[in-house]
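1. A structural model of the following input is requested.
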Amino acid sequence: MINNATKYAVSDIFGIENQIRYIIPKYQREYTWSKNNWEELLSDIQDGDNSHFIGSIICIKTDSDSMKPEFELVDGQQRLTTLSLLFCAIYKLMNEKCDSEDSKLELMNLKRQIINKRDNNSKIVLSRQNNNDKDYYSVLNDIDILEFGEQVNNRGNRIIYKCFRYFIGKLEDLSFEELDELKDKINTTLLVKIEVDSHSDAFILFESLNNRGTPLSVIDLIKNKVLAEMDKNTPVSVDEAFNKWNKIIDTLPDYTIQERFLRHYYNAFKVDKDFIKVEGITKATRSNLIKIYEKLFHKDPVRIFEDLVEKAETYHGFIYLDNTNSELCEKIKNDLIDLVNVKASPAYALLLYIFSEYKNKEVDFYRDIVRFLVKYFAIRNITDFPNTRNLDKIFMDLIQEIKDRDDINSSFVTDYLSHKNRMSSRGDFKDKLKGNLYELNIDATRFILSKIEDSKRTREIHTDFWARDKSKKLIWTIEHIFPEGKNIPKSWVDMIAGGDIDKAKGIQMEHVHTLGNLTLTGYNSNLSNFDFLKKRDRKDSNNNYIGYKNGLFLNEDLKDKDCWTKEDIEERTTKLIQLVLEIFKV
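-> Below is the predicted model:
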């Protein structure tokens with residue numbers, strides 16, 4: 001079934017001298033990775049050791065020229081496409097900063113990793129779905145690597161270009177040398193390439209790799225290392241170690257939170273406790289977590305277990321707020337819920353340290369810090385500053401500053417984080433709020449909308465905008481007033497553009513994702529592409545309004561209108577921005 005399974009560096013997959021091409025079948029599903037995937041891949045490469053492993057690909061060798069071999073890519077489209085677009089972004093930026101013959105040689109070598117040296121064909125060929133192939137060739141054309149004469153409309157709104165622009169935005173401040181170092185780090189990243197004979201073999205293999213139950217996780221591997229260590233001559237027996245480990249896992253039952261806790265524990269306390277620090281490791285990452293805990297449990301298993309069990313209880317109080325045993329967390333529960341909803345996970349290392357080391361402060365001390373962190377991450381997630389990979393360092397440096405002082409108050413924490421190098425300015429925040437907010441960050445946009453509504457409602461009529469149904473899906477979702485779909489209904493074309501479809505598309509492209517065109521509804525799928533009046537007056541089977549007359553403050557500007565125009569969107573955007581700036585005023 002398997003012809004070959006070999007570990008390759010990315011520099012071999014995208015080799016300068018080889019003529020190999022990876023062909024994604026024409027009608028295979030389109031490229032679907034999103035910002036979270038791009039961010040995770042880039043962060044893993046930047047933070048990982050050299051030769052960081054990023055997974056496997058499955059392919060079938062075609063009956064191609066042995067001098068120009070081609071492989072049909074059965075599994076691995078997302079990974080290889082993203083790597084190629086990352087190379088394209090680096091090439092564009094390096095080309096703009098190229099100023100010497102040596103740098104021109106580096107640039108030429110990178111070009112030959114994207115297209116083949118002899119025939120100038122791209123090393124990967126994307127599927128036709130949703131114009132993936134044309135959008136990719138347009139990227140190559142735009143960076144002057146491959147000539148592509150075809151005009152590709154609306155490419156900027158599709159995922160390939162969004163990925164390319166994302167990497168440009170993340171890397172544009174790097175120097176030529178820093179870009180070259182990143183390129184080299186990508187090239188040392190490892191993949192396992194599995195070659196099979198047929199589609200049948202590929203399908204069986206793919207199914208077995210993806211449906212064999214829950215795979216071994218980092219947490220499982222750490223546990224195995226720990227128990228193996230305890231089986232040696234240590235003061236802790238294997239049975240005792242197993243019970244203590246299960247206590248930590250039971251306290252934090254979610255796998256992703258377990259892994260995050262272990263990273264935050266090390267990053268928070270290595271500055272203060274010598275028995276936690278591992279020589280040569282300044283920050284815990286996903287790739288070095290096993291190494292860290294192997295060394296920690298070898299050094300002092302009794303002490304580490306005791307401390308981890310205690311700190312896991314503290315961490316539990318931040319997240320599992322419907323089941324907290326912490327009196328303090330119960331008192332500031334609503335603020336901690338906001339912190340969860342704003343997705344402020346990097347801040348939990350700081351909270352773990354403060355809640356553990358400063359146990360006798362007044363409640364306002366903790367409440368003030370948490371409320372500030374909610375504002376900090378709302379602003380950060382909209383402006384994308386500081387960079388994701390810098391957040392851990394910011395909070396680790398703050399913990400070091402706190403450790404070096406005899407005592408702190410909440411103002412010390414907020415002043416430190418408010419520094420211009422660590423937080424976007426009010427002006428930058430306002431500028432981002434004016435743009436395509438929904439496209440920028442859906443989760444952050446949802447949080448902003450919910451806090452606008454919360455700010456205008458009393459606790460007696462409070463609505464939980466984060467409630468989920470039996471399928472764990474959010475009940476309240478973001479509703480686009482002017483629909484976002486590419487097939488704009490005729491009623492909307494007539495209303496917003498006087499029947500001019502091109503004008504309607506232009507307004508849609510510029511305004512559909514802006515704050516003024518967004519609201520919250522518990523019945524998004526029921527409103528869909530209805531005309532404005534149907535959306536406004538929609539009722540459920542019990543004759544309750546579920547459209548824009550549903551009583552939300554967010555819909556006050558909509559409930560009495562008979563039409564919705566570009567000017568209405570702009571006016572409502574301005575109004576809501578002022579409210580947001582007041583709510584998140586630092």
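
2. Can you list the low-confidence ranges for the stretch 401-550 of the chain?
-> Counting by pLDDT under 70, the low-confidence segments of the stretch 401-550 of the chain come to 458-462, 523-528.

3. Show me the helices in it, by range?
-> Applying DSSP state H, counting those that start in this stretch to the stretch 401-550 of the chain gives helices spanning 410-417, 426-434, 437-440, 442-455, 490-497, 501-511, 524-527, 532-537.

4. Format those helices as JSON lines; extra columns: distance to Val278.
-> Quick note: C-beta positions are derived from backbone N, CA and C, even for glycine. Below are the helices of the stretch 401-550 of the chain laid out as JSON lines (distance: least, CB to CB, whole Å):
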{"stretch": "helix 410-417", "distance to Val278": "26"}
{"stretch": "helix 426-434", "distance to Val278": "37"}
{"stretch": "helix 437-440", "distance to Val278": "38"}
{"stretch": "helix 442-455", "distance to Val278": "34"}
{"stretch": "helix 490-497", "distance to Val278": "59"}
{"stretch": "helix 501-511", "distance to Val278": "51"}
{"stretch": "helix 524-527", "distance to Val278": "48"}
{"stretch": "helix 532-537", "distance to Val278": "57"}
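
5. Cys329: which of the ones you listed is closest?
-> If you check each of the helices of the stretch 401-550 of the chain against Cys329 by CB to CB, helix 410-417 wins as the nearest, at 16.6 Å.

6. contact partners of that closest one?
-> Taking contacts as CB atoms under 8 Å, 6 or more residues apart in numbering, the residues outside helix 410-417 that touch it are 350, 354, 364-365, 368-369, 372-373, 376, 394, 398, 401-402, 405, 422-423, 586.

7. Likewise for stretch 9-22?
-> Under the contact criterion CB under 8 Å, 6+ apart, stretch 9-22 has outside partners 51, 57, 59, 67-71, 73, 76, 80, 83-84, 87, 109, 112-114, 116-119, 121-125, 186-191, 193.

8. mind running it again at 6 Å?
-> Outside stretch 9-22, the residues within contact range by CB atoms under 6 Å, 6 or more residues apart in numbering are 68-71, 73, 80, 109, 112-113, 116, 123-124, 186-190.

9. taking these one by one, which sit in helices?
-> Counted as lying in helices by DSSP state H, out of the contacts of stretch 9-22, are 80, 109, 112-113, 186-188.

10. among those, which two are most distant?
-> Leu80 and Asn109 (18.9 Å).

11. Looking at these two, which is more packed in?
-> Neighbours were tallied for Leu80 and for Asn109 using other CB atoms under 10 Å; the higher tally belongs to Leu80 (21 against 14).

12. and Ile2, bridged to which residues?
-> Partner residues in beta bridges with Ile2, using DSSP bridges, are Val196.

13. Counting neighbours, what do you get for it?
-> The burial metric for Ile2, expressed as a neighbour count using other CB under 10 Å, is 12.

14. Next: the one 3 residues further on.
-> Look at Ala5: counted by other CB under 10 Å, it has 13 neighbours.

15. Helix, strand, or coil at it?
-> Reduced to three states with DSSP: H, G, I helix; E, B strand; the rest coil, the structure at Ala5 is strand.

16. Nearest spatial neighbour of it, chain-adjacent residues omitted?
-> Nearest residue to Ala5 in three dimensions, chain neighbours excluded: Ile194, at 4.7 Å (CB to CB, 6 or more residues apart in numbering).

17. Looks to me like that neighbour is in a strand.
-> Yes. Counting by three-state DSSP, Ile194 is part of a strand.

18. what helix or strand does Ser56 sit in?
-> In this assignment (DSSP states H and E), Ser56 forms part of strand 53-61.

19. Show me what counts as buried in that strand.
-> Using 16 or more other CB atoms under 10 Å as the burial criterion, the residues of strand 53-61 that qualify are 54, 56-60.

20. which strands and helices sit next to the helix or strand where Ile382 lies?
-> Under the assignment given by DSSP H and E, the secondary-structure element containing Ile382 is helix 363-383. In terms of contact count using 3 or more CB pairs under 6 Å, 6 or more residues apart in numbering; DSSP states H and E, helix 363-383 is assigned the packing partners helix 333-341, helix 410-417, helix 426-434.

21. follow-up on the earlier one: present the ones in helices among the contacts of stretch 9-22 as a markdown table; the columns should include distance to Gln46 and pLDDT.
-> Output for the ones in helices among the contacts of stretch 9-22, formatted as a markdown table (distance: CB to CB, whole Å; pLDDT from 0 to 100):
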| residue | distance to Gln46 | pLDDT |
| --- | --- | --- |
| Leu80 | 19 | 96 |
| Asn109 | 21 | 93 |
| Arg112 | 24 | 95 |
| Gln113 | 19 | 95 |
| Ile186 | 9 | 95 |
| Asn187 | 14 | 95 |
| Thr188 | 12 | 94 |
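
22. Out of those residues, which comes closest to Asp384?
-> Using CB to CB, the shortest approach to Asp384 within the ones in helices among the contacts of stretch 9-22 belongs to Ile186, at 21.5 Å.

23. Please report the distance of that closest one from Ala9.
-> Between Ile186 and Ala9 the distance is 10 Å, computed by CB to CB, to the nearest Å.

24. ok, these two, which is more surrounded?
-> Looking at Ile186 and Ala9 with other CB under 10 Å, you find the greater number of neighbours at Ile186, namely 23 against 16.
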